[in-house]
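Chemist: this one's sequence-less:
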């Protein structure tokens, strides 16, 4: 069963804060943590992806029917670096298999991304 924590800790772009060492070491607040309870002000957020996703009440960009054509998320996922490829993979995996399957796999990771056992 999906816990609210899991949904809040899944970043709109596909990163997963729950298994991120930087988040665990309290060096990062997490991208979505604090917006639902208004302890953080969304109007001060800099990330346009986050603003779009939270404003539309999406768990992640996987909920958006236009994410395959979205300039914001595609530019982000297109950056150089392995992690961006993995974040794109997470969004695609969720679209194909759903959140329950994603969380059952992702909760075993040691980083904000990982491998998929299907």
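Modeler: In hand now; what should we look at? None of the values given here were measured: they were computed from a predicted structure.

Chemist: List the residues that contact residue 106.
Modeler: For residue 106, the contact set (CB atoms under 8 Å, 6 or more residues apart in numbering) comprises 10, 16, 18, 19, 90, 114. From N, CA and C alone the C-beta is placed, and that goes for glycine too.

Chemist: and which of the residues you listed is nearest residue 42?
Modeler: For the contacts of residue 106, the residue nearest residue 42 by CB to CB is residue 10; the value is 17.1 Å.

Chemist: so that closest one makes contact with residue 58?
Modeler: No - using CB atoms under 8 Å, residue 10 is not in contact with residue 58; the gap is 10.3 Å.

Chemist: With neighbour numbers in mind, choose between these two.
Modeler: The residue with more neighbours, out of residue 10 and residue 58, is residue 10; 28 against 14, by other CB atoms under 10 Å.

Chemist: partner residues bridging the more buried one?
Modeler: The residues listed as beta-bridge partners of residue 10 by DSSP bridges are residue 16.

Chemist: Listing request: residues of the chain with sub-threshold pLDDT.
Modeler: Scanning the chain for pLDDT under 70 picks out 1-4, 118.

Chemist: Go again with 80.
Modeler: Scanning the chain for pLDDT under 80 picks out 1-5, 117-118.

Chemist: where along it do the helices fall?
Modeler: With DSSP state H, the ranges of helices along the chain come out as 4-9, 21-24, 48-55, 71-77, 82-97, 99-106.

Chemist: Please name the spatially closest residue to residue 92 (chain neighbours excluded).
Modeler: residue 62 (7.9 Å; CB to CB, 6 or more residues apart in numbering).
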